[in-house]
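**Student:** here are the coordinates; sequence isn't available:
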């Protein structure tokens, strides 16, 4: 997937511009974000795309030296299940 980065949004589209996957967030503090939504196009669900999206988000957070929490149910569960992958970026 070809990932694009905007303030409050990390996403991927296909060649026609259709949204494939997206994670949105709000800036909580200067160095903290809250992930409030993770979306995967219905045609891609069940193929690990949401997991891949979260890994891209984690990589972005590390590069930007940001911490994160989540209000999105998927992202919250993902953080709980993957603590070892993301302990360094979680808001304590």
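**Tutor:** Noted; the coordinates are in hand. Small disclaimer: the values here were computed from a predicted structure and weren't measured.

**Student:** please count neighbours and contacts with C-alpha atoms only from this point.
**Tutor:** Will do.

**Student:** which strand in the protein has the most residues?
**Tutor:** What stands out as the longest strand in the chain, according to DSSP state E, is strand 19-29.

**Student:** mean confidence score for that strand?
**Tutor:** Mean pLDDT, strand 19-29: 96.

**Student:** direction included, what does it pair up with?
**Tutor:** Here strand 19-29 has these sheet partners by DSSP bridges: strand 9-13 (antiparallel), strand 32-40 (antiparallel).

**Student:** contact partners for residue 66?
**Tutor:** Listed by Cα atoms under 8 Å, 6 or more residues apart in numbering, the contact partners of residue 66 are 31-33, 89.

**Student:** any idea how far it is from residue 35?
**Tutor:** Applying Cα to Cα, to the nearest Å, the value for residue 66 to residue 35 is 12 Å.

**Student:** count of neighbours near residue 30?
**Tutor:** Residue 30: 8 surrounding residues under other Cα atoms under 10 Å.

**Student:** actually residue 81, not the one I wrote
**Tutor:** Other residues lying near residue 81 total 11 when counted by other Cα under 10 Å.

**Student:** same deal with residue 38?
**Tutor:** Using other Cα under 10 Å, residue 38 is surrounded by 21 other residues.

**Student:** write the ChimeraX selection for whichever of the contacts of residue 66 are buried.
**Tutor:** Typed into ChimeraX, the line below selects the buried ones among the contacts of residue 66, using 16 or more other Cα atoms under 10 Å:
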select :32,33,89
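
**Student:** hmm, who's touching the helix ranked longest in the chain?
**Tutor:** Determined from DSSP state H, the single longest helix within the chain is helix 49-64. Helix 49-64 is contacted from outside by 10, 21-23, 38-40, 67-68, 75, 78, 86, 89, using Cα under 8 Å, 6+ apart.
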